[in-house]
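Visitor: Below is the sequence, then the predicted model.
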Amino acid sequence: MTNPVLGILTLYLNEKRTLEERPIYQRMTTAAKNLGIDVMVFTPEDVNYKLDRIHALIYNPDLKRWSRKWTSFPHIIFDRCRIQKSKRFERLKYFRAKYGNRLFLNRPMRNKWSVYRTLSQDSRFRPHLPETRLYHSSRDLTEMLHKYPLLYLKPFNGTGGRGILRIQKDNGRLLIQGRDLSRRIIRPQRVLPRALLGRLSSWSLKERNYLVQQGIQLKLDNGRVHDYRMLVQKNGNGVWEVTGCAGRVGAAGSVTSNLHGGGRAERMDDLLRQWIGNEAQVIRIKQQADALGLAVARFLEETYGALCELALDIAIDRNGHIWLLEVNPKPAREVFARIGEKETYHKAIVRPLEYAMWVYSQRSRSKGLKSRTSKRPSQTRPHHGRPRSG
């Protein structure tokens, strides 16, 4: 009996066919081999759409070498494609539309604004969502500034802290900080409120579909911002579990905590004790955060269809209240490696594979049941001819 094949669907980062997570795919392939799963990696550009064949990348753990091989479609597709502004992403849309009837571990979840609106429909989540608006005009910004002393502006399809601005009221002026679209930290600026819109005109907030979000005060005593990255995944029984949660502390002068932007990872317990201090409250916050993460995952799967894993960026204010800042359907895992939680890091890699095996087994069992049912003789009259397959 041949092994089930898991196809990891991704996108090249550039015309040189660079893969962002190649080391992760190597670890996944090695772990999958121990589970009896074969892994291939491919992009929409590697597909022959006329023949339904794939020129896939195959990693050999024994030889520690990648090679190309023409192959048929995998049994299951694990979609790891992140949003890009490129022709490659347009090709991905075509692939998803053409092969939407294939077995996917996870389905696309659209953008941050869509996810926010979806979650805000449920009363369980509304207290944990910072107020957020899609920027239509300057009125959205001015009204939010009247309500809150701190705002964040972020593109609704942005990743890695790109293009995020922080605006804070500061003694009659507004302090503007942030990162440009290349993640570079921009020089802090103080402007009068009446000069704000002119200063932001080059950012094209409406054309780039920016969100205006209530800011949560998250600066540590050293002036650096922090938050927490929670990874929620399906296990080998198809059940959502919290794999782990780690703290992230931003680089000096940064308005975000992203690791790709120079941030550092810390253990959640250590960072929470530093921020909250009360041990009993730290325990309560962690329990509440886990419960929130699982509830969010279940709810979003009900809305968007099959999901395999989610990363939740959460903030905890000085009062211990939990805020859900963002949900990422294509999470990275290196935050756990950086804080030395090797077991959690291993789980983060293996759990999608165990879930894939469970999905494959469930599908095979279902097909087998249909096949046996279709071959069963009719109770009302004899069945003649060749039995139909299920």
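Guide: Okay, I see it.

Visitor: Please identify the helix or strand for Tyr25.
Guide: helix 22-35 (DSSP states H and E).

Visitor: what separates the next helix-or-strand element following that helix from the chain centre, distance-wise?
Guide: For helix 22-35, the following helix or strand on the C-terminal side (DSSP H and E) is strand 38-42. Put simply, strand 38-42 sits 20 Å off its chain's centre (C-alpha atoms, centre = their mean, to the nearest Å).

Visitor: Stretch 187-206 too?
Guide: Counting by C-alpha atoms, centre = their mean, stretch 187-206 is centred 30 Å from the centre of its parent chain.

Visitor: swap in stretch 327-338?
Guide: With C-alpha atoms, centre = their mean, you get 8 Å for stretch 327-338.

Visitor: Flag every buried residue along it.
Guide: Within stretch 327-338, the residues scored as buried using 16 or more other C-beta atoms under 10 Å are 327-337. Placement of C-beta: from N, CA and C, glycine included.

Visitor: can you list contacts of it?
Guide: Taking contacts as C-beta atoms under 8 Å, 6 or more residues apart in numbering, the residues outside stretch 327-338 that touch it are 21, 24, 79-82, 106, 108-109, 112, 115, 119, 159, 229, 231, 244, 246, 248, 259, 264-265, 296, 300, 307, 309-313, 344-345, 348-349.

Visitor: What is the neighbour count of Arg139?
Guide: 10 (other C-beta atoms under 10 Å).

Visitor: Name the helix or strand for it, please.
Guide: helix 138-147.

Visitor: which SS class is the nearest residue to Val327 once chain neighbours are set aside?
Guide: Spatial nearest neighbour of Val327, excluding adjacent residues (C-beta to C-beta, 6 or more residues apart in numbering): Val115 at 5.2 Å. What DSSP: H, G, I helix; E, B strand; the rest coil gives for Val115 is helix.

Visitor: my guess is Val115 meets Gln121, correct?
Guide: No - counting by C-beta atoms under 8 Å, Val115 stays clear of Gln121, with 11.1 Å between them.

Visitor: These two: who's more crowded?
Guide: Neighbours per residue, other C-beta under 10 Å: of Val115 and Gln121, the larger number sits with Val115, 22 against 10.

Visitor: Would you mind finding the longest helix in this protein?
Guide: Longest helix in the chain by number of residues (criterion: DSSP state H): helix 342-375.

Visitor: which other helices and strands contact that one?
Guide: helix 22-35, strand 76-79, strand 226-234, strand 240-249, helix 334-338 (3 or more C-beta pairs under 8 Å, 6 or more residues apart in numbering; DSSP states H and E).

Visitor: Quick one: mean pLDDT for the helix or strand immediately after the second one in the chain?
Guide: When you say that, I think you mean strand 76-79. As assigned by DSSP H and E, the chain's next helix or strand after strand 76-79 is helix 87-98. For helix 87-98, mean pLDDT is 96.

Visitor: Just the residues contacting helix 87-98, thanks.
Guide: Under C-beta under 8 Å, 6+ apart, the answer for helix 87-98 is 9, 11-12, 43-45, 47, 49, 79, 81, 83, 108.

Visitor: now Val249: how far from Gln121?
Guide: 33 Å (C-beta to C-beta, to the nearest Å).

Visitor: An error on my part: the question was meant for Glu341.
Guide: In terms of C-beta to C-beta, Glu341 sits 34 Å off from Gln121.

Visitor: Over to Gly236?
Guide: Gly236 is 31 Å from Gln121, by C-beta to C-beta.

Visitor: any weak-confidence spans in this structure?
Guide: 1, 158-160, 368-390 (pLDDT under 70).

Visitor: tell me the domain ranges of it?
Guide: 5-98, 131-214, 220-352 (automatic domain parsing).

Visitor: Hmm, Met230 is touching Ile316, no?
Guide: No - in this structure, Met230 is not within contact of Ile316 by C-beta under 8 Å, at 11.4 Å.

Visitor: Spatially nearest residue to Gln281, not counting backbone neighbours?
Guide: Gly320 (5.3 Å).

Visitor: Count the residues that sit near that neighbour.
Guide: Neighbour tally, Gly320, other C-beta under 10 Å: 15.

Visitor: Now do the phi/psi pair for it.
Guide: phi 90, psi 10 (degrees, to the nearest 10).

Visitor: Also Glu309?
Guide: Dihedral angles (degrees, to the nearest 10) for Glu309: phi -160, psi 150.
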